[in-house]
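K.L.:
I need the structure of the sequence given here:
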Amino acid sequence: MANIGSEAATVVDAKISSFRTLQEELQTHHSDLGTLMAQRNENEMVLQELEVCEGEDDAVVYKQIGPALIKNDLEDAIDTVKKRLEFINGEINKTQTLITKKEEETQQLAVQIQEMQAALQKAAVEAAKAVAAGNA
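P.N.:
Numbering: from 1, shown residues only. Purely as a prediction, here's the structure:
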């Protein structure tokens, strides 16, 4: 009987290890999401500034390429920032979907672990009662 209990405990330990791995992955994805959100905010501010410049005839926009600043067409700059925002928004949606999926997996695994631990505790109590009854 103890052999079955140790096998069950090993299975529970493996599940707990998987649970911890999922939590670490979730942390990484949340960190990635924060970075993407910051990039989106920054690019939205740049787009707003470029749109303010659109009304001005003498507005000059520069693009940094390496250590040099190169003159850039205003419309090209706006298009580039809009495309970058589309890409970032796509990555945010993808990351949010991944986070939701991982959170669901984590919750399901937590329930499995709780059920397995409860079954182990119940089996231990029954085994203790059987030993006590045998000694009486």
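
K.L.:
what are the ranges of the strands in the protein?
P.N.:
61-65, 68-72 (DSSP state E).

K.L.:
how about the ones you listed in JSON lines, adding mean pLDDT and mean neighbour count?
P.N.:
To be clear about C-beta, it is placed using only N, CA and C from the backbone, and glycine gets the same treatment. Output for the strands of the chain, formatted as JSON lines (pLDDT from 0 to 100; neighbours: other C-beta atoms under 10 Å):
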{"stretch": "strand 61-65", "mean pLDDT": "91", "mean neighbour count": "12"}
{"stretch": "strand 68-72", "mean pLDDT": "93", "mean neighbour count": "10"}
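
K.L.:
Which among these is found nearest to Ala128?
P.N.:
Set against Ala128 and scored by C-beta to C-beta, the strands of the chain come closest in strand 61-65, at 72.1 Å.

K.L.:
which ones are touching the residue nearest to Ser18 when sequence neighbours are not counted?
P.N.:
Leaving aside its chain neighbours, Ser18 sits nearest to Leu109 (6.2 Å; criterion: C-beta to C-beta, 6 or more residues apart in numbering). For Leu109, the contact set (C-beta atoms under 8 Å, 6 or more residues apart in numbering) comprises Lys15, Ser18, Phe19, Leu22.

K.L.:
Return the per-residue confidence for the spatially most central residue of the chain.
P.N.:
With distances taken as C-alpha atoms, centre = their mean, the residue of the chain nearest its centroid is His29 (2.4 Å). At His29, the model reports a pLDDT of 96.

K.L.:
separation between it and Glu103?
P.N.:
Note on His29: its distance to Glu103, by C-beta to C-beta, to the nearest Å, is 9 Å.

K.L.:
Now for the residue lying closest to Thr95 once chain neighbours are set aside, how many residues are close by?
P.N.:
Closest residue to Thr95 apart from its sequence neighbours, by C-beta to C-beta, 6+ apart: Leu33 at 4.8 Å. Residues near Leu33, counting by other C-beta atoms under 10 Å, number 17.
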